[in-house]
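Enquirer: Next come a sequence and a model predicted from it.
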Amino acid sequence: MREQAIGAAPKPPEAILRRPEVERKTGLKRSAIYALMSEAKFPKTLLLSGRAVGWLESEILEWQTARIAERDRKAVSSRRRHHAGA
């Protein structure tokens with residue numbers, strides 16, 4: 001077990017999401033989630049028991065944040081090209 005600094009508050013356990021909740025939060029279906037995982041473009045699962053898996057909520061949120069940042073970078077890049085050609 002990891003030692004904790006004296007006086008430090010314990011870190012709350014991280015939420016683990018099961019597939020239906022990951023689908024709801026991302027808008028992706030099972031096949032798309034596993035296809036992206038196979039391309040290393042989606043967070044990996046965490047084995048919970050024999051056949052049960054889940055995803056760390058923080059990793060799903062990071063993935064979503066990265067998708068938003070990617071969209072915004074593309075939008076800025078597109079506007080720059082549009083204005084440069086005007």
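Expert: Arrived safely. Numbers count the residues shown, from 1 in each chain.
Enquirer: and the helix or strand that contains I68, what's its mean pLDDT?
Expert: In this assignment (DSSP states H and E), I68 forms part of helix 57-84. The pLDDT scores in helix 57-84 average 87.
Enquirer: buried set for it?
Expert: For helix 57-84, the neighbour count (16 or more other Cβ atoms under 10 Å) marks 57, 59-60, 63 as buried. Quick note: C-beta positions are derived from backbone N, CA and C, even for glycine.
Enquirer: Which secondary structure elements does that helix sit against?
Expert: Contact here means 3 or more Cβ pairs under 8 Å, 6 or more residues apart in numbering; DSSP states H and E; on that basis helix 57-84 packs against strand 16-17, helix 19-26.
Enquirer: now those as JSON lines including distance to R51, mean neighbour count and mean pLDDT?
Expert: As requested, these are arranged in JSON lines below (distance: least, Cβ to Cβ, whole Å; neighbours: other Cβ atoms under 10 Å; pLDDT from 0 to 100):
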{"stretch": "strand 16-17", "distance to R51": "15", "mean neighbour count": "17", "mean pLDDT": "98"}
{"stretch": "helix 19-26", "distance to R51": "12", "mean neighbour count": "15", "mean pLDDT": "98"}
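Enquirer: and the angle for the helix holding I68 with helix 19-26?
Expert: Interaxial angle of helix 57-84 relative to helix 19-26 (axes from the mean of the first three to the mean of the last three Cα atoms, to 10 degrees): 30 degrees.
Enquirer: and helix 57-84, how far from the chain's centre?
Expert: The chain centre lies 14 Å from the centre of helix 57-84; the measure is Cα atoms, centre = their mean, to the nearest Å.
Enquirer: who's in contact with stretch 15-27?
Expert: By Cβ atoms under 8 Å, 6 or more residues apart in numbering, the list of residues contacting stretch 15-27 from outside reads 28-30, 33, 46, 48, 52-58, 60, 63-64.
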